[in-house]
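Asker: below is the sequence, then the predicted model.
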Amino acid sequence: GDSVTQMEGPVTLSEEAFLTINCTYTATGYPSLFWYVQYPGEGLQLLLKATKADDKGSNKGFEATYRKETTSFHLEKGSVQVSDSAVYFCALGFSGGYNKLIFGAGTRLAVHP
Amino acid sequence: DVKVTQSSRYLVKRTGEKVFLECVQDMDHENMFWYRQDPGLGLRLIYFSYDVKMKEKGDIPEGYSVSREKKERFSLILESASTNQTSMYLCASSSSSTTGELFFGEGSRLTVL
């Protein structure tokens, strides 16, 4: 079945470091891919998305490129801040599927000053 | 802004009790979802609804039921709570006209003793 695999956390970085969180997927068909973020004490919110191969999603300095050949959607940010500390979830979904998403296990990021 | 409100942030119940978790959204969304969030497992879909009185099972429906009598309200019911249902429960809603953008509530942390 369809699934999403994320790198295990926690990821601990110093402020201004480069961030990569790996995400790979298995899917029949051509899914859309998403990154959601959950800040402490809050619900998840959509961070960025890409709907087809080679699309790049970006928001708040974060980027991810939909790579069909490697079935990946890695999240990157050039310079993290303490305020980026959160749990990040990779997800996939299909158009016409009632927006039913399949989520990865989540990766906790801790950024220290 | 879309608002998804879950009725209780924290609940403590005893084994065998009937538990109701309520969720209300204010954006006239067609789709509503109940996910369960556990460390290392990410989000798993319990049930979803794509219209009033319409519901479908997700990946882990056992031990749960749902009710959607009005478009804005989606309830999760644990008929007889068990300790393995101790978890964080997340409600979400989405419009059928967008792909993958779910709006989440802040979550309800349920402890079953």
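Answerer: Received it, and whenever you're ready, just let me know what you need.

Asker: which parts of chain B sit against chain A?
Answerer: Applying CB under 8 Å from any CB of the partner chain, we find that chain B lies next to chain A at B:4, B:31, B:33, B:35, B:40-45, B:48, B:50, B:56, B:58, B:90, B:92, B:94-96, B:98-107. Quick note: C-beta positions are derived from backbone N, CA and C, even for glycine.

Asker: show the buried residues in those residues.
Answerer: Neighbour counting with 16 or more other CB atoms under 10 Å in any protein chain shown marks B:4, B:31, B:33, B:35, B:42-45, B:48, B:50, B:58, B:90, B:92, B:94-95, B:99-107 as buried within these.

Asker: in strands, which of those appear?
Answerer: B:4, B:31, B:33, B:35, B:42-45, B:48, B:50, B:90, B:92, B:94, B:103-104 (DSSP state E).

Asker: residue A:28: which of those residues is nearest?
Answerer: Using CB to CB, residue B:45 comes nearest to residue A:28 of these, at 17.7 Å.

Asker: what's near enough to touch that closest one?
Answerer: A:100, B:33-35, B:58-60 (CB atoms under 8 Å, 6 or more residues apart in numbering or on different chains).

Asker: what ranges do the strands span in chain A?
Answerer: Per DSSP E, chain A carries strands over the ranges A:3-6, A:11-14, A:19-21, A:23-26, A:32-38, A:44-50, A:56-59, A:62-65, A:75-77, A:86-93, A:102-103, A:107-112.

Asker: any idea which residue of chain B is furthest from its center?
Answerer: residue B:97 (21.3 Å; CA atoms, centre = their mean).

Asker: tell me which residue is most central in the chain.
Answerer: Just so you know, I chose chain A. Among the residues of chain A, the one closest to the centroid is residue A:35, at 3.3 Å (CA atoms, centre = their mean).

Asker: right idea, wrong chain: chain B
Answerer: The centroid of chain B falls nearest to residue B:34 when counting by CA atoms, centre = their mean (2.8 Å).
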